[in-house]
Each structure stands twice: as C-alpha cells, then as structure tokens.
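**Student:** structure of the sequence below:
(one chain, ligands or ions: 2)
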Amino acid sequence: MSQSHNRLLFIETVGCQMNVLDSELVVAALREQGYELTDQVGDADTVLFNTCSVREHAEHKIYSQLGRLKYSKRKRPDQVIGVFGCMAQKDQELIFQRAPHVDMVVGTGQLAEIPRLVSEARRDRTRALAVSLDRRGGSRLEVASSFESYDPLRDPTMRPSPFQAFVRIMIGCDKFCTYCVVPTTRGPEQSRPPSQVASEVRMLAGQGVREVTLIGQTVNSYSHVEDGRSWRLADLLELIHDTDGIKRIKFVTNFPRDMDTPLLEAVGDLSKVCRYLHVPAQSGSDAVLERMKRGYTVDEYREMMGRINEIVPGCAVSSDFIVGFCGESDQEFEASVRLVEECRFKNSFIFKYSARSGTKADDRLDDDVPDAVKRERNARLLEVQTAICEEDNALFIGRSVEVLVEGPSKMTLKQQKRQHRGTPHPMPGVELSEESDVDLVSLEPGPVPEDPDPLTGPIQLVGRTDCDRIVVFDGNPRLAGSLASISVEDCTATTLLGRIITRELQHAPVIELPVL
Ligand code: SAM
Ligand code: SF4
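**Tutor:** Ligands and ions are numbered 1, 2, ... in the order given. Now for the predicted structure:
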C-alpha cells in the first residue's frame, strides 16, 4: 500500500439532514484511521462528495466540482476521489463515464465500507462500485437488506454544534410521490429498533448534547415491532423524553397523512418536544396533489392543520411547495398561494419542479411549465410567505421568549472566519448549499471556543425558540447549550432580534442586563 498520501480529507456535502449525518459518521470513521479534515480541496489526497439527487441542480453542482478535479491526480498521484450518497446510488457507472478520474462510487446503503474502499482504491488503483439493489432488483426483503442503515458510534468532535445532534430513526421511503427519487436512492422504508434509538440518545446526552432531532424521510411513519410491542413515533418520543441532559426533542420531516392524533397529543403533552412541525403540503390543488400521488386532499391537509392547532396550541408549522409541477395551471398555482395565506406557515421551502429520471412523473407526465413561469411562481409564493413571516415575527416584538442558545451567529462566524483565515472548520464539507433542506435544523454555529477571551466581551449569539424561531442577541459564548430568556426588540422575516434577560437569583426581581 502506498504510504505517501497525506491523510488530509476534503469532504463536500449537499442535500438533506440525512446527508449531513452521513458525512458526520463517515468523517468520524476516517478520523479513526488517522485522517484529518481540510477545507482546501487542493491540499487533500482524499476527496469525497456526499451527493443529492432530489433536484437536477444538486447533481450539476457535483459534476462541475468533479470536472474541476479532472487533472488533479497529475500533481497528486496518490489522490483518491470518491462519490457517495443519493447520486451515487442513482447514477452508478454513469459517474465513471462522466468523470473517469473518480475512483469509487458508494451508495447510501454501503457507507460502512468507505474506509476500506478508500484504502483499496489507493493501493490497487482500481475502481470500486458499491451500491444497493434496484427497487425492482429482488424481493422487498432482499432490496431492504441491501440498504444498510449506517449508525456507528458517534464522535462528538465531528458535530457542527456540540449541543445538537441528529438521530436517524428510519431510512428509506415507500411513498413513491411521482416526482421524487428518494424511494430509489434511499431504498425501502425501515425503522430502527426503539431500544437502539434510546441508547444512542443517552450516549449523545452523555457527550453534552442538549437537543436531539430525530430524522427520517417521513419520520412520523416510524413503525417498529420490538419484543412483541408495536412502536410508533409517539411511543418513541415518550421513551426518550426523560433522558437526563436532553432539553429539547425535534423531529423532521413529517408526512401529512401520518400526522395522527396520538402523535399530536404526545407533542402537546411532552414538555421537551418542540412545538414545531415540518409537514410539507407540496401544493394547494387537489388535481396537482393527485398527479403527485401524495395520497391526501387539500381538505385533509386543512383538517390536519385544525387538529394541530387544537391539540398543540401555538405550534409552528412549516411546509415545502413544488411550483411548476407537470401541467400546473395558473389556477392550480393560485390554490397554493391561497393555502400558504390560509395556513400562515412559519416558513416554506419553495422549489421549482425538476424532472428526475426514473420517477413516474418523468416517465408519464410532461414537464410542460416553462422555466420562466416556474421562476415567476417561485418568486411570487416566496413573496407571499415572506410577508407572512414578517407579520408573524413582528407580533413577538415586546415579548420575551425562551431560546436554546446554539452558539455564535452566522454574522459572528463570518467575522471570525475573516479574522482567522485558514483555521479549519470542524466539518469543512458542511458548507450548506442552496440545495440544502437542512435549514430546518440549524447547523450553522461552529464549536464554541473552549475559553473565550474575556477581553473581547459579548458576541452575537443565535438560539431558537421551541417553535423554531431564530433569535439573535449579544451574550457570552459560554451560554451555548443553555436555555436563556430573550426580550425581543426587532425582527426581520427570518430572525427575531433581542436582548438577554438575566434574573437575579437571590432577590427574584427580573432585571434586564446584557450579559458580559
Ligand atoms: N419526505 C419529505 C416529504 O414527503 O415531504 C420530503 C423529502 S424531499 C428530499 C424534500 C423536498 O424536496 C420535498 O418536500 C419537495 O418539496 C422537494 N422535491 C422533491 N423532489 C423534487 C423534484 N423532483 N423537484 C423539485 N422539488 C422536489
Ligand atoms: Fe419523496 Fe414523497 Fe418519500 Fe417525501 S414522501 S421522500 S417526497 S417519495
């Protein structure tokens, strides 16, 4: 085996929170073998791309990055270039054809093999393709077991924030919405045993994690039978709720049809479960929902919203919308505008429809809405949603809110980056792209400095309310990981701006002071 490679690893991650977690785990496994992260692709002898296939743009981005590395092995003959994740599972051999300098293509179900494949690729200089079976490539059991959930031990130093962690509770998806590649790239829906999830949460709490976010493509479809007992998400929330050290529990992403009353009652009853639900509607038109095969009508979505408001008063709900789906007329688009106005979502992620090969929509429907119209509709829906965000955020001005302090704000991080150019981020690959759905769960804050310089005074921090509103305020970085009360003084469409409220412990009156 070649000994001359420099053990510097560059990893770029695009896509959803599942990908962020996968990168965390892959990096941790490689670090155990002596690799160190770098944020400079030009310095690394090992370059990995964790990819997304949900929209074409995400794939383009990776193919252009690969193109830029075409001749990089001339300077670095020991370099290994690997592509893993959804695009690897979807495109397979095509990646080698389009980028012959790629050494390994690894699907979402083979992540545990990456350290071995990297060593073999460097030693043998042969290509490796490790992917799961096609959805029609065997029985359900055979296909499911070819997609292995990757949940090794967690390495706390690999998380973008020491206080927040994702916990995978299920993989795959069986919903087969006509526009979506996920059932192909992530395989059949499979839930992890509750005992495994609970022990992972305990371990994370022991490592200092205060907020866990349970993740799955349709997290509220969670279903597992263990020791003869049948477990749904509501039961799992109850099981992990009293874990010592955990202050907040979130879960994303929810499927409207599976938002059952016992789950909402659990959200309402369990104090650590955040009153925030991401439940993508995708469209406000029954005809479009039918063409998407979403399995619910707009009235059923409305009924669900009614139940959320009744059982969990004050709960924030956010959504995803696709504009310009096959055959979407002006009237059908207007129905989405009306649904956003009616539901007053906390925020919505709005995507232009992107035809994906291998999906039913691509096979059977015409992608007939011109791109200019998609763009117009995207801008219009965003404008309506932004106005709602501004109005609803303004209602917080003058009120105080409790936040879990996450760490330095984006602005502080940018300033720190400018001041300390060259200091590597703990997860350089997790520069979240515009393709990312990860804004759902904040990963922006980097590590809190071990011992902040007392002379520099307070910095701008960011935290979130239990309804997932982002709040920035000045304070000592040591507050990261704790709950703090903030008096809200101003707002934008995305952020509440406030001042920290400190309580005098002995004499009880509440005094407002900036913490120094
Ligand atoms: N499982 C989640 C659900 O059903 O709501 C969504 C997961 S998907 C990775 C995230 C979002 O990407 C979807 O909610 C949808 O709005 C968007 N999306 C998926 N396929 C798309 C496509 N072909 N074109 C545009 N947006 C798409
Ligand atoms: Fe894709 Fe639909 Fe599954 Fe969500 S529920 S991952 S949109 S197929």
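**Student:** count of residues packed around the closest residue to Ile486 other than its chain neighbours?
**Tutor:** Of all residues not flanking Ile486 in the chain, Gly498 sits nearest, at 4.0 Å (CB to CB, 6 or more residues apart in numbering). For the C-beta atoms, the positions are set from N, CA and C on the backbone; glycine is no exception. Other residues near Gly498 come to 25 when the count uses other CB atoms under 10 Å.
**Student:** any idea which element Gly498 lies in?
**Tutor:** Assigned by DSSP states H and E, Gly498 belongs to strand 495-503.
**Student:** may I see the buried residues of that strand?
**Tutor:** For strand 495-503, burial by neighbour count (16 or more other CB atoms under 10 Å) applies to 495-501.
**Student:** check stretch 384-403 too.
**Tutor:** Using 16+ other CB under 10 Å as the test for burial, stretch 384-403 gives 385, 388-389, 392-393, 396, 401, 403.
**Student:** quick one: terminal-to-terminal distance for that stretch?
**Tutor:** Length of stretch 384-403, first residue to last, CA to CA, to the nearest Å: 27 Å.
**Student:** name the residues that touch that stretch?
**Tutor:** Stretch 384-403 has contacts (CB atoms under 8 Å, 6 or more residues apart in numbering) with 337, 340-341, 344-348, 350, 463-466, 469, 471, 483-496, 498, 501.
**Student:** give me the buried subset of these.
**Tutor:** Burial by neighbour count, judged by 16+ other CB under 10 Å, picks out 337, 340, 345-348, 350, 463-466, 469, 471, 484-488, 491, 495-496, 498, 501 from the contacts of stretch 384-403.
**Student:** in CSV: the buried residues of stretch 384-403, plus secondary structure and pLDDT.
**Tutor:** Compiled in CSV, the buried residues of stretch 384-403 are given as follows (DSSP: H, G, I helix; E, B strand; the rest coil; pLDDT from 0 to 100):
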residue, secondary structure, pLDDT
Gln385, helix, 97
Ile388, helix, 97
Cys389, helix, 97
Asp392, helix, 96
Asn393, helix, 97
Phe396, coil, 97
Val401, strand, 97
Val403, strand, 96
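**Student:** the residues you listed: which ones sit near ligand 2?
**Tutor:** Among the buried residues of stretch 384-403, none lies close to ligand 2 by the criterion of CB under 6 Å from any ligand atom.
**Student:** quick check: residues of this structure near ligand 2?
**Tutor:** Counting by CB under 6 Å from any ligand atom, the chain sits next to ligand 2 at 173, 175-177, 180, 182-183, 217-218, 255.
**Student:** identify the residue spatially nearest to Gly324, adjacent ones excluded.
**Tutor:** Spatial nearest neighbour of Gly324, excluding adjacent residues (CB to CB, 6+ apart): Lys374 at 3.3 Å.
**Student:** can you check the pLDDT for the one you found?
**Tutor:** For Lys374, the pLDDT comes out at 98.
**Student:** quick one: what helix or strand has it in it?
**Tutor:** Going by DSSP H and E, Lys374 is part of helix 371-394.
**Student:** any part of that helix near ligand 1?
**Tutor:** No - judged by CB under 6 Å from any ligand atom, helix 371-394 stays clear of ligand 1, getting no closer than 9.6 Å.
**Student:** can you give me the angle that helix makes with strand 495-503?
**Tutor:** Computed with axes from the mean of the first three to the mean of the last three CA atoms, to 10 degrees, the direction of helix 371-394 lies at 20 degrees from that of strand 495-503.
**Student:** who touches Glu200 in this structure?
**Tutor:** The neighbourhood of Glu200, defined by CB under 8 Å, 6+ apart, consists of 151, 154, 167.
**Student:** if any of these are buried, put those into a PyMOL selection.
**Tutor:** Applying 16+ other CB under 10 Å to the contacts of Glu200, the buried members can be selected in PyMOL as follows:
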select buried, resi 151+154+167
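**Student:** select from the contacts of Glu200 every entry located in strands.
**Tutor:** Counting by DSSP state E, the part of these found in strands is Val167.
**Student:** name the nearest of the contacts of Glu200 relative to ligand 2.
**Tutor:** Nearest to ligand 2 among those, counting by CB to the nearest ligand atom, is Val167 at 18.4 Å.
**Student:** was I right about that closest one contacting Val212?
**Tutor:** Yes - counting by CB atoms under 8 Å, Val212 is a contact partner of Val167 at 5.2 Å.
**Student:** inside strands: which ones of the contacts of stretch 384-403?
**Tutor:** Filtering these for strands - DSSP E - leaves 348, 350, 463-464, 471, 483-491, 495-496, 498, 501.
**Student:** neighbours around the residue of the stretch 151-300 of the chain found nearest ligand 1, how many?
**Tutor:** The stretch 151-300 of the chain approaches ligand 1 most closely through Pro280 (3.4 Å), counting by CB to the nearest ligand atom. When neighbours are defined as other CB under 10 Å, Pro280 has 22 of them.
**Student:** spit out the contact partners of it.
**Tutor:** Residues near Pro280 by CB under 8 Å, 6+ apart: 253-254, 256, 319-321, 349.
**Student:** which members of those occur in strands, if any?
**Tutor:** 319-321, 349.
**Student:** what parts of the protein come near ligand 1?
**Tutor:** With CB under 6 Å from any ligand atom as the criterion, the chain meets ligand 1 at residues 16, 54-55, 179-180, 182, 217-218, 253, 255, 280, 282, 320, 322, 351, 353-354, 356, 437.
**Student:** show me just the buried residues among those.
**Tutor:** 16, 54-55, 179-180, 182, 217-218, 253, 255, 280, 282, 320, 322, 351, 353-354, 356, 437.
**Student:** mutual contacts of Val167 and Val212, please.
**Tutor:** Here Val167 and Val212 have 201, 204 as joint contacts, going by CB under 8 Å, 6+ apart.
**Student:** and the gap between the residue most central in space within the chain and Leu94?
**Tutor:** Among the residues of the chain, Gln17 comes closest to the average C-alpha position under CA atoms, centre = their mean, at 2.2 Å. Per CB to CB, to the nearest Å, Gln17 is found 26 Å from Leu94.
**Student:** go on, Arg232?
**Tutor:** Taken as CB to CB, the span from Arg232 to Leu94 is 39 Å.
**Student:** between these two, which one's more packed in?
**Tutor:** Neighbours per residue (other CB under 10 Å) separate Arg232 from Leu94, with Arg232 holding more: 19 against 11.
**Student:** check contacts around the more buried one.
**Tutor:** 222-223, 260, 262-263.
**Student:** separate out the buried members of these.
**Tutor:** Judged by 16+ other CB under 10 Å, buried ones among the contacts of Arg232: 222, 263.
**Student:** among the contacts of Arg232, which are in strands?
**Tutor:** Residues of these located in strands (DSSP E): Ser223.
**Student:** okay if I get the contacts of Arg232 as JSON lines plus distance to Ala128 and pLDDT?
**Tutor:** Below are these laid out as JSON lines (distance: CB to CB, whole Å; pLDDT from 0 to 100):
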{"residue": "Tyr222", "distance to Ala128": "33", "pLDDT": "98"}
{"residue": "Ser223", "distance to Ala128": "34", "pLDDT": "97"}
{"residue": "Asp260", "distance to Ala128": "43", "pLDDT": "97"}
{"residue": "Pro262", "distance to Ala128": "45", "pLDDT": "97"}
{"residue": "Leu263", "distance to Ala128": "42", "pLDDT": "98"}
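**Student:** alright, calling it a day.
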